[in-house]
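Undergrad: Turn this into a model:
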Amino acid sequence: MKLVNKRILITAGEPASISSEITIKALEKLKNKNNAELIILTDPILIKHELKNLNKTAKLNILDKCLHFKDYKKNFINIFPINLNEKMFPGILNKNNSNFVINCIKTSVELLLEKKAHALVTNPINKFIMNSNDFKFNGHTEYLGHLSKLKKQPVMMLETNKLRVVPLTTHIPINSVSTELSINMIIKKIKVLDKELTNIYKIEKPKIYISGLNPHSGDGGKIGKEELTIIIPAIKKLEEIGLNVNGPFSGDALFQKKMINKYDVAVCMYHDQALIPIKALYSGNVINITLGLDFIRTSPDHGTALDIAGKNKGDPNSLILAIKKAEDLIDRKYAK
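TA: Alright, predicted model coming up:
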């Protein structure tokens, strides 16, 4: 049985970015078209500023934090208020507002863990300005893994209706990838991936194709040894415990058209190896999903787009898809 009252939280993201703009546009397009309560964790000032900038009108409903969303109003922009530290200027980062970004994320996770909401959709953050203010994580994925009670290694998966990809390492320098990889790390993350695809996506024995790290997957050790010493041993152990894995494939072979139809997900060794093909093929229609958490989290596939902030050029499509995917995952998770 599906939930009658589905509740999805949407975080503010970086206040100087296009996040408020695309959120307003997404809510406008989804009006009367979705079956979930959509609640933004943000400062009402940001939404009022952006409505004025977009020359739009909308009714705002500022929720009372003590009423646990009982004062939600349909056809309003419902806001769970969190205060900015300092005034925002579009396109201009301010590290003093980093705590606002963190508070939006942390508060949303607290609400999810208290079972007061069912899913989280995060707007983009700028981790570099946050790192300058003592944010110790490589990005959203790692921070959400830290906040999760499960304390597992979270898995980033990007998805379209035709392709899923997972980067085993995310926002680290390319020269650190080989030292970050290990047999144990690969096994742990792929086991999380397999479990989530089985339990939530209802895919029986998911077909998982795994890339190599080096060109031509190392060419038998002539172009790097990581395939021989790390990746192949990990694949063999995954096969031994019954997972439907195959590889390693060279990155260029893994994303040929004839290959894409053979697997449920492609697992890559580093960020760009996974993200370049999916964004090149399906840009604007990609959703970021975090697996291995004790709550549902999706996000759009793009960054903060500071260069177009405040210019009414933000495209809400990926955020809309992320909201729809969150609702779909709620239905899947709570289906009996």
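Undergrad: Could you use CA atoms for every contact and neighbour count after this?
TA: Will do.
Undergrad: Other residues contacting the helix or strand of the chain with the lowest mean pLDDT?
TA: Within the chain, confidence by mean pLDDT, DSSP states H and E is lowest for helix 127-131 among all helices and strands, at a mean of 83. Contact with helix 127-131 is made by 93-95, 98, 135, 137-139, as judged by CA atoms under 8 Å, 6 or more residues apart in numbering.
Undergrad: Show the buried residues in the residues you listed.
TA: By the neighbour-count criterion of 16 or more other CA atoms under 10 Å, the contacts of helix 127-131 include these buried positions: 93-95, 98, 135, 137, 139.
Undergrad: ok, back up a step: mind checking which of the contacts of helix 127-131 land in helices?
TA: Using DSSP state H, the members of the contacts of helix 127-131 that fall within helices are residue 98.
Undergrad: Kindly reformat the contacts of helix 127-131 as JSON lines and extend each row with pLDDT and distance to residue 326.
TA: Conversion of the contacts of helix 127-131 to JSON lines gives the following (pLDDT from 0 to 100; distance: CA to CA, whole Å):
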{"residue": "93", "pLDDT": "93", "distance to residue 326": "29"}
{"residue": "94", "pLDDT": "93", "distance to residue 326": "30"}
{"residue": "95", "pLDDT": "91", "distance to residue 326": "30"}
{"residue": "98", "pLDDT": "91", "distance to residue 326": "25"}
{"residue": "135", "pLDDT": "82", "distance to residue 326": "26"}
{"residue": "137", "pLDDT": "85", "distance to residue 326": "24"}
{"residue": "138", "pLDDT": "80", "distance to residue 326": "23"}
{"residue": "139", "pLDDT": "81", "distance to residue 326": "20"}
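Undergrad: Looks like residue 294 contacts residue 147 (just checking).
TA: No. Counting by CA atoms under 8 Å, residue 294 does not reach residue 147; the two are 9.7 Å apart.
Undergrad: Can you get me the start-to-end distance on stretch 302-313?
TA: Across stretch 302-313, the terminal residues are separated by 14 Å (CA to CA, to the nearest Å).
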